[in-house]
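**Student:** everything below, folded, please.
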Amino acid sequence: MADPRVFFAAERTLLAWIRSGITVIALGFVVARFGLFLSLLAGSNGEAPSNHGLSNIVGIILVVMGAFAVLAAMYNHRGYIRTLPAEDVPVMPIAWLTTLFALTIAVVGLLLAAYLAIG
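**Tutor:** Here you go, the predicted structure:
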């Protein structure tokens, strides 16, 4: 007797991890750019702009952590789905869509980390 609820619960868990990874990536971007904002704010007051490199480093670390959280969630999801009996895994028209989505989010996160590191 097939029970697709197990598969769909795993899909919801993957999507929750992807959402969490996107949130950490966004938080990292905000933290990295907050240092730039503080530098611009200090420069507009006639003060010498100070270096806020620590916020940039912390932001880059958060972005990379978010990207790796998405990759790890995808890896765990694929491993779990392989353990399910065939009758519990529904036939999907685009079975690779969640993998593509997770990989795209992770690659964009890593590219964002590279952009923050360079600029």
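
**Student:** which other residues reach stretch 67-78?
**Tutor:** 10-11, 13-14, 17-18, 20-22, 24-25, 98-99, 102-103, 105-107, 109-110, 113 (Cβ atoms under 8 Å, 6 or more residues apart in numbering). From N, CA and C alone the C-beta is placed, and that goes for glycine too.

**Student:** give the PyMOL command for selecting the buried subset of the residues you listed.
**Tutor:** Buried residues within the contacts of stretch 67-78, by 16 or more other Cβ atoms under 10 Å, are selected in PyMOL with:
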select buried, resi 10+14+17+18+21+22+24+25+98+102+105+106+109+110+113
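
**Student:** tell me the centre residue of the protein?
**Tutor:** Gly21 (3.2 Å; Cα atoms, centre = their mean).

**Student:** quick check: closest non-adjacent residue to that residue.
**Tutor:** Spatial nearest neighbour of Gly21, chain neighbours left out: Val70 (3.7 Å); criterion: Cβ to Cβ, 6 or more residues apart in numbering.
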